[in-house]
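# Whatever this is, show me its structure:
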Amino acid sequence: MSGTPEAYEVLATSPKGHAKVVRLRCGRNRTTLLLHRFALVGKGDLLRFADGGTSKVFVEPPDVDNPPVPVAPIFTTADRVTIGRETFAVRTRELNRSEDLDALQFLEQFHYKTNRSLGEPETGNHVETNSASVGGRRAVLYAEIKLGTRWEPAGYVDLQMPLMMCKPRHVLFQRRYAHPTRGISWDHWNQHSIRQNLNTIVRIARVVVTPELRGLGLTRFLLKAAKTFASQRWHVRGVRPVFMEISAEMLNHVDFVSSSGFTYVGHTQGNVDRVVKDMAQMSRSRGGEFGIMSLQRKYLRALGEYCDAEEISFDAGIEVLRRKVEEPANSLTTGEWAVLRKIVRMPIPYYLCGLDEYSERYLRDGLTVSQSTRAQHGLRPKRVEANKAQLNISDLRLRAEYRLPETPSTKLEMAAFGLEGETVHFDIVKGVSATVSGGNVILVSGTSGSGKTALLKALDPTTREANVSVGGTVVGSYTTAWLRPITGALPLFEVLAQRYSADRTFGALSQVGLSDALAFVKPYWMLSRGQQYRAMIAELLLREDGVWLLDEFCGDLDPITAKVVAHNLRKQIVATGRIAFVASANHLHYVDALRPTRVLALRAGDNARWLTYRAYREELEDGDPRRTTKTSKGKA
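Residues are numbered from 1 along each chain as shown. Modelled structure (predicted):
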């Protein structure tokens, strides 16, 4: 290939591990090229090579209106995410190593459609990438985050060919489109223009972020990289797209795309209005192909398999299908619901964005979806809010008292040490005064035995310890909620939905970064420890109490997970106007991510000290967090 300006025609491609084998022809010359696994090169494409070698490869465009499309070297973007005082590098790129395919397989377990834990356990040692054989053109961008010296899998975004039929898009595209520089145009979005221009749309088929890193904005990084990649490198026969679409059931509950520039266009039609009629008609000519699309054949086959397994007639299966469509889901058995859900497609939200200024303006000018329409489909903000709380704490004092028993052993001990008296007194906490308003995080620090837990209990109007006397006052109209494990043997979502409603549960779980279908169906005990903390914070949101009490917070988490959870806790406190008192002796690994408004430093038997976070950091960096320093006023 060296030194030749000619274009090479792609004869065939085939995957080989992490690579793609590309067979080429230029005149009578034939050769083979190795590219990365998801390189956007297919049969019939024309390739050119820059710099006399194979390190820079381009797909030849069909006309001068389209520039050459780069294929190699691989696409890469760089970002940074900051958690507290620490910044982590994030890069998103195409897969080009065998380790990348292993990472993709690892990440696929976190998407409900490629996770195998909901089915029967697999046997044998066969391993393959679950979605590697998806038909049609496909690109995968893989994100990784640098933790220490090691790059760890963080997530991926999967790009595929667009939906063939989509009513909201069809309505929107009825207006004339004429791109000023790309030679793409249509007067109406009819069958002819669909055939000519459908490939100028690219679809986001999947976005996945590893559960322990959710809530850091990595989805936005992935979507930003996908838009850049699509505008520069996605193509069909050298023609790059001008629109990007995404449609997903989860968007009914969690809008994770609007902040990345996507606009809600409408809901897809689904097949709920016609599926019973379609299945009944096709059942009468099941051996024929006339008028039957491949997707409908798939539905017909699934219904037939269900009827065979249940040993019922096809007409009886049609009747069960009718009940699923016409009656609530709880009218079906679990088996009926699971099988028939594969056949019935409910309407789901459809979002679109333009990949250049003209296309984005075309989208905005033609959009007619009102807020009332969004509300009709349930696309209302589901953020859990709360009224802002305020506490006035004045000279709060805690003293432990214990009346000595009159036993021979006690008398012997007192005589041996020369002790007198009948009662043991100990000042646990002394001199706590503060005014604390909503949206603030108070870190209660101190060694074990310094009174952190006792102070939290004193702030709870419903909790009093028998041997602890409380002096001073705590004034404020508020209720408290403790960070507690979630009880119940049912799936997490079911437990919370029964207590607080399904709609609010979706909102709370999404706020804390736990919008994971697989986490929803697991009981609390089956979640990772980081996910358990997120679930507990979600329940605090749902309870709507104004003051949160979190004892021994994140002391049992690794540094990275603790930072992510603490970062998310602070975000929720600020957003909802709560007050959080966070007590922990072991907090140095996450305090920078928590960024408390004030620090209440306790020492057993001594007066409490209020510190600004900055002053507390300075003490930590000096190596003596208990030394005398100028204290701040107790206001937050």
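# where in the stretch 201-350 of the chain is pLDDT low?
Screening the stretch 201-350 of the chain residue by residue with the criterion pLDDT under 70, one finds the ranges 284-295, 327-340.
# Please, where are all the strands along it?
201-209, 243-247, 263-267, 349-354 (DSSP state E, counting those that start in this stretch).
# now those as TSV including mean neighbour count and distance to residue 83?
Every residue, glycine included, has its C-beta placed from N, CA and C. What follows is those, written out as TSV (neighbours: other C-beta atoms under 10 Å; distance: least, C-beta to C-beta, whole Å):
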stretch	mean neighbour count	distance to residue 83
strand 201-209	23	15
strand 243-247	23	27
strand 263-267	22	30
strand 349-354	23	28
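# mind listing what's buried in stretch 601-610?
Neighbour-count burial for stretch 601-610 flags 601, 602, 603, 606, 608, 609, 610 (criterion: 16 or more other C-beta atoms under 10 Å).
# Quickly note the distance from residue 594 to residue 636.
Computed as C-beta to C-beta, to the nearest Å, the residue 594 to residue 636 distance reads 14 Å.
# of the two, who's got more company?
A direct count of neighbours by other C-beta atoms under 10 Å for residue 594 and residue 636 places residue 594 higher, at 25 against 21.
# Quick one, grab the pLDDT at the closest residue to that one other than its chain neighbours.
Counting by C-beta to C-beta, 6 or more residues apart in numbering, residue 594 lies nearest to residue 566, which is 4.1 Å off, once chain neighbours are set aside. The confidence metric pLDDT takes the value 94 at residue 566.
# For residue 566, list the residues it contacts.
84, 553, 554, 590, 591, 593, 594 (C-beta atoms under 8 Å, 6 or more residues apart in numbering).
# what about 10 Å?
Applying C-beta atoms under 10 Å, 6 or more residues apart in numbering, we find residue 566 in contact with 83-84, 441, 533, 553-554, 557, 582, 584, 587, 589-596.
# can I assume it sits in a helix?
Yes - note on residue 566: a helix contains this position according to DSSP: H, G, I helix; E, B strand; the rest coil.
# what would the strands of the stretch 201-350 of the chain look like in TSV with distance to residue 12?
Output for those, formatted as TSV (distance: least, C-beta to C-beta, whole Å):
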stretch	distance to residue 12
strand 201-209	24
strand 243-247	29
strand 263-267	38
strand 349-354	34
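# Can you tell me the SS state at the nearest residue to residue 94 once chain neighbours are set aside?
If the residues on either side of it in the chain are set aside, residue 94 comes closest to residue 74, at 4.1 Å by C-beta to C-beta, 6+ apart. Reduced to three states with three-state DSSP, the structure at residue 74 is coil.
# tell me the pLDDT at residue 74?
According to the model's per-residue confidence, residue 74 sits at a pLDDT of 96.
# ok, now residue 37?
Among the per-residue scores, residue 37 holds a pLDDT of 94.
# Next, count neighbours for it.
In terms of burial, residue 37 registers 23 neighbours under the definition other C-beta under 10 Å.
# Contacts only, for it.
The contact partners of residue 37, by C-beta under 10 Å, 6+ apart, come to 15-20, 94-98, 100-101, 104, 129, 132, 138-140.
# Now, of those residues, which are buried?
When burial is judged by neighbour count using 16+ other C-beta under 10 Å, the buried members of the contacts of residue 37 are 18-20, 94-96, 100-101, 104, 129, 138-140.
# Among those residues, which lie within helices?
Those of those mapping onto helices are 100, 101, 104, per DSSP state H.
# Return the member of those residues nearest to residue 526.
residue 104 (24.4 Å; C-beta to C-beta).
# Can you show me the helices along the stretch 301-450 of the chain?
Remark: helices assigned in the stretch 301-450 of the chain by DSSP state H, counting those that start in this stretch are 314-326, 334-340, 357-366, 371-376, 408-417.
# Is it possible to get TSV of the ones you listed that adds distance to residue 88 and mean neighbour count?
Converted to TSV, the helices of the stretch 301-450 of the chain look like this (distance: least, C-beta to C-beta, whole Å; neighbours: other C-beta atoms under 10 Å):
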stretch	distance to residue 88	mean neighbour count
helix 314-326	46	16
helix 334-340	40	15
helix 357-366	31	15
helix 371-376	35	11
helix 408-417	56	10
